[in-house]
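>>> my questions concern the predicted model and sequence given below.
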Amino acid sequence: MDRPAMASVFRMRHLPASISGVRSLGRGQADPIFHSRQLGEAIRFIAEADGQYDLSAVAISYGDRSTPPLGSREIKQLWTEYGKRLMEA
């Protein structure tokens, strides 16, 4: 993801987003269910959940249906670039 694309996502950090593809690491544990949250919050959650869940298939959907979802690589890039600023007003 290049800097202009990251800046575009940063500007949309308050849009509703949904998280999918998160799997429990524990045997017999149910996979977590996520409700809609702001995009910046969703990015923070996934960035901080690394190691606690299987994130190999994670995707964050936001915007209209034509917007491609963010995968784990893009989420890591965005968190590295913006960090907690994604949570600011």
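On my side now, so go ahead.

>>> right, and Ile43 touches Leu70 too?
Yes: under the criterion of CB atoms under 8 Å, Ile43 makes contact with Leu70 at 7.3 Å. Quick note: C-beta positions are derived from backbone N, CA and C, even for glycine.

>>> any residues in contact with both of those two?
Residues touching both Ile43 and Leu70 (CB atoms under 8 Å, 6 or more residues apart in numbering): Ile60, Leu78.

>>> for those two, indicate the residue with more neighbours.
Regarding Ile43 and Leu70, a neighbour count based on other CB atoms under 10 Å identifies Ile43 as having more, with 28 against 24.

>>> distance of Met1 from Ile60?
13 Å (CB to CB, to the nearest Å).

>>> of these two, who's got more company?
Of the pair Met1 and Ile60, Ile60 is the one with more neighbours under other CB under 10 Å, namely 24 against 16.

>>> what's near enough to touch the residue lying closest to the more buried one once chain neighbours are set aside?
Sequence neighbours aside, Leu70 is the residue nearest to Ile60 in space, at 4.4 Å (criterion: CB to CB, 6 or more residues apart in numbering). By CB under 8 Å, 6+ apart, Leu70 lies in contact with Val9, Ile43, Ala59, Ile60, Tyr62, Leu78.
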